[in-house]
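Enquirer: Sequence plus the predicted model coming up.
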Amino acid sequence: MYHETIEYHQDFCAWLYHNIELLRQGNFAELDVTNIIEELEGLGISQHHALENRLIILLMHLLKWRFQPERRSKSWKSTLREQRYRIQQLLKSSPSLKPKLEEVITEVYPKAIGLAADETGKPKSLFPEMCPFTLEQILDEEFLPTDYPT
């Protein structure tokens with residue numbers, strides 16, 4: 001059966017659906033294997049980056065909640081809940097990310113400090129050098145860091 005060649009760089013969606021159809025038909029010889037591999041690798045990287053980004057925002061808001069109590073708001077609380085929910089969704093769809101959580105937190109925590117400092121106007125030196133929250137606290141939907149000494 002003749003299939004029109006659809007170029008990966010010309011129309012991504014058409015290329016994607018074309019290759020899906022080839023897979024469904026078992027027509028492996030016509031698959032664009034090189035670009036399929038590239039896309040699959042990109043999906044894995046994308047999931048990891050999504051986790052990093054969600055954790056940065058979550059940690060930044062935990063720091064803001066702890067170190068700027070006079071500015072606490074429903075919006076901040078909502079952001080904490082939303083990020084925790086999104087992280088749980090990522091972990092549900094990609095459980096292999098869960099064992100990497102502590103490592104990712106260590107990697108992104110300095111970025112969260114920088115953002116928290118920018119948003120609060122407080123010096124970076126005010127914030128703990130190491131993440132003061134446990135993994136359980138970070139992911140706990142009800143945890144708010146109000147009992148930590150400054």
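Expert: Noted; the coordinates are in hand. Numbering: from 1, shown residues only.

Enquirer: host element of Ala50?
Expert: Per DSSP states H and E, Ala50 falls inside helix 33-67.

Enquirer: and the helix or strand just after that helix, what other elements does it pack with?
Expert: Per DSSP H and E, helix 33-67 leads on to helix 74-93 as the next helix or strand towards the C-terminus. Here helix 74-93 touches helix 33-67, helix 135-139, going by 3 or more Cβ pairs under 8 Å, 6 or more residues apart in numbering; DSSP states H and E. In this view, the C-beta of every residue, glycine as well, is placed from N, C-alpha and C.

Enquirer: Please enumerate residues in contact with helix 74-93?
Expert: For helix 74-93, contacts defined as Cβ atoms under 8 Å, 6 or more residues apart in numbering pick out 47, 50-51, 54-55, 57-58, 61-62, 64-65, 97-98, 101, 139-141, 144.

Enquirer: Now do the buried residues in the helix or strand of the chain with the lowest mean pLDDT.
Expert: One helix or strand of the chain scores below all others by mean pLDDT, DSSP states H and E: helix 12-25, with a mean of 93. For helix 12-25, the neighbour count (16 or more other Cβ atoms under 10 Å) marks Trp15, Leu16, His18, Asn19, Leu22 as buried.

Enquirer: Show me what that helix is packed up against.
Expert: Other helices and strands packing on helix 12-25, by 3+ Cβ pairs under 8 Å, 6+ apart, are helix 33-67.

Enquirer: Okay, angle between the helix it packs on and helix 74-93 too, please.
Expert: 140 degrees (axes from the mean of the first three to the mean of the last three Cα atoms, to 10 degrees).

Enquirer: Check the average confidence over helix 33-67, would you?
Expert: Helix 33-67 comes out with an average pLDDT of 95.

Enquirer: Now do it: which elements does it pack against?
Expert: helix 12-25, helix 74-93, helix 101-120, helix 135-139.

Enquirer: Dihedrals phi and psi, Gln10?
Expert: Phi and psi for Gln10, reported as degrees, to the nearest 10, are phi -90, psi -40.
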